[in-house]
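*Asks:* Attaching a predicted model along with its sequence, questions to come.
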Amino acid sequence: MNTYVITLSGYDRQATAYGETSGKAKYNSYLEMGDLFDSFAEFLRFVKSIKLIHKFRPCDLFGDIEQFERMKECRNIPFAFMGMKVILKSRSRGNIKGAIVGSNDSMNLDICFDGTCHKENCHPHYELIYLDNSGNIVAEF
């Protein structure tokens, strides 16, 4: 998600908001402010300015390399690397492709699935196919 700073008329501080576009960031900011405004249209009348301060990049999702290396060793997946393509064989969502972006405190993989801009927790040995750069299967669990 992109990061924006929103300045509202009559308010002392700026609000940080996240969204794919400035319009979505304004709407997310409105939702976070809860009961301060009766409607989104009223909120928009108070928006003085909105400024993009950080454009989303895929590398924003990548986690701590040292934690990832420890997880690889503990989970016995030495072939894995950040950026590696994987396929999750999901019963509810079908086969979904993604890329490894790190690991988490549960010693699981953080994977960003195609078409999303957030990471999801996946067990490295559950219904996962690991692919090399050519798309060939390296390992399958």
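*Replies:* That came through, no problem. Numbers count the residues shown, from 1 in each chain.
*Asks:* Outline the domain layout of the protein.
*Replies:* Described in terms of automatic domain parsing, the domain architecture of the chain consists of the residue ranges 2-54, 60-140.
*Asks:* Just put these in CSV and tack on mean pLDDT and mean neighbour count.
*Replies:* In short, each C-beta sits where N, CA and C put it, glycine included. Rendered in CSV, the data for those read as follows (pLDDT from 0 to 100; neighbours: other C-beta atoms under 10 Å):
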stretch, mean pLDDT, mean neighbour count
domain 2-54, 92, 14
domain 60-140, 92, 15
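*Asks:* which residues in the chain form strands?
*Replies:* 2-8, 15-19, 47-54, 85-90, 94-103, 109-113, 120-122, 128-131, 137-140 (DSSP state E).
*Asks:* Rebuild those strands as JSON lines, extending it with distance to Phe62.
*Replies:* Written out in JSON lines, the entries for those read as follows (distance: least, C-beta to C-beta, whole Å):
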{"stretch": "strand 2-8", "distance to Phe62": "17"}
{"stretch": "strand 15-19", "distance to Phe62": "18"}
{"stretch": "strand 47-54", "distance to Phe62": "15"}
{"stretch": "strand 85-90", "distance to Phe62": "15"}
{"stretch": "strand 94-103", "distance to Phe62": "5"}
{"stretch": "strand 109-113", "distance to Phe62": "9"}
{"stretch": "strand 120-122", "distance to Phe62": "14"}
{"stretch": "strand 128-131", "distance to Phe62": "17"}
{"stretch": "strand 137-140", "distance to Phe62": "20"}
